[in-house]
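Curious how this folds, go ahead:
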Amino acid sequence: MTTNNTRALIVGATGISGQALCRAALDAGWTTYGLSRSGSVPVDGVIPVAADLLDVNSLEKALNDVRPEVVFFTAWMKKDSEQENIEVNSATLRNVLNVLGPLDSVKHVALMTGLKHYLGPFDAYGEAVMAETPFHETEDRLDTPNFYYAQEDELFAGAEKFGFGWSVHRAHTISGFAVGNAMNMMLTLSVYASICKELGEKFVFPGSEMQWNGLTDLTDATCSPSRWSGQQPTRTHTTRRSTSPTETSSAGAGCGRSSPRTSGSSPRASTPSRVPSNPRMSDAAAAWKRIAEKHDLVESDVSRLASWWHTDGDLGRDMECLTDMNKSKKAGFLGFRSTPDAIASVIQRYRDARLIP
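Okay, the predicted model is just below:
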């Protein structure tokens, strides 16, 4: 069982998940280290650690004196093919475990992956889905290469070798605060709406009819099941499986079911033919510079704020996407947030930070 003297390491501390987890760990009274390549940590009170996850020597120098008891791994790197994703992202986790393992301090490692575990990787997304919603942890892996599977296998091997407990958290559409993140739907949609207004164009939902009328999970990065998982007793030299498929993330997350339907709309509101945001945003860079200047915003580079490709893909699915939470609830995690509250609060944070009008 961890205590307030716990030393926690958040790998990927600048992302949506990493920032939320940093705050949760600090709130728990933990000594909190945040690892990023640059060493920058946007959360006050976190001890910065600069290291290249692909450079073992860099990691050894950076982590020798950290000796964390709990490690939260939220980092990933996107490459041009899934084979490259597998090679790079399995190496980053393996390197961290091989550096920390011999120091004999780690009691628990929480890994965040996501629902591409069930839906397939970027280059085969939604093409070979076998599971029916709600998704369950017991679903077989897809018969296609997937860096999430490779990372899990590295985690299992590390736990077997070094004797720490572990958990995997399969988050979906994380709503939280970060800049420069490749998967950030709430900020992307906020930027999209602001540009539509600036150009005098209608905001057109950039997703499929199923995503408009159906239900999908939303993971709120401000609840903290993965910090909770790091507080549970672990058995040394025993692998403990604690996978919570959706509403959990290594950033901590509670998840609500979200639908684009608005108050007062019909149960099956009509939606126009799908118009993805990416082709509509060909002039986004110039439009955003004007918006940033007009509203005195702190970031004029729209590429630091919006990820059109990811939001279009996430909202473009022709299937409902829900996951079963029974396992984590039975294990004791009962956190949740209202979906409207979660969305409204994160948008207000972006406004307060002068990132959007």
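
Helices of the stretch 201-350 of the chain, residue ranges please.
209-213, 225-231, 277-280, 284-295, 308-315, 326-331, 339-352 (DSSP state H, counting those that start in this stretch).

Buried deepest among the ones you listed, which one?
Among the helices of the stretch 201-350 of the chain, helix 225-231 has the highest mean neighbour count (mean count of other Cβ atoms under 10 Å), at a mean of 27. C-beta here means a position set from N, CA and C on the backbone, and glycine is covered the same way.

Isn't residue 151 up against residue 91?
No: Residue 151 is beyond contact range of residue 91, at 10.0 Å (criterion: Cβ atoms under 8 Å).

Settle it for me: which of those two has more neighbours?
Between residue 151 and residue 91, residue 151 has the larger neighbour count (other Cβ atoms under 10 Å), namely 23 against 16.

State the pLDDT value of the closest residue in space to that one that isn't next to it in sequence.
The shortest distance from residue 151 to any non-neighbouring residue, by Cβ to Cβ, 6 or more residues apart in numbering, is to residue 93 (5.3 Å). On pLDDT, residue 93 comes in at 98.

Kindly report the same for residue 172.
We note a pLDDT of 82 for residue 172 in this prediction.

check contacts around it.
Neighbouring residues of residue 172 by Cβ atoms under 8 Å, 6 or more residues apart in numbering: 114, 115, 216, 217, 218, 219, 246, 255, 321, 323.

which residues sit in contact with residue 43?
Residue 43 sits in contact with 13, 19, 22, 23, 26, 34, where contact means Cβ under 8 Å, 6+ apart.

Below-threshold pLDDT in the protein: ranges please.
For the chain, the stretches flagged by pLDDT under 70 are 1-4, 223-274.

Swap in 80 and give it another go.
Across the chain, the ranges flagged by pLDDT under 80 are 1-4, 125-132, 182, 222-276, 278, 328, 331, 333-336.

packing partners for the longest helix along the chain?
Secondary structure of the chain per DSSP state H: the longest helix is helix 82-100. Here helix 82-100 touches helix 56-63, strand 70-73, helix 147-162, going by 3 or more Cβ pairs under 8 Å, 6 or more residues apart in numbering; DSSP states H and E.

Reformat those into TSV and put distance to residue 178 next to each item.
Formatted as TSV, the helices and strands packed on helix 82-100 follow (distance: least, Cβ to Cβ, whole Å):
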stretch	distance to residue 178
helix 56-63	22
strand 70-73	15
helix 147-162	20
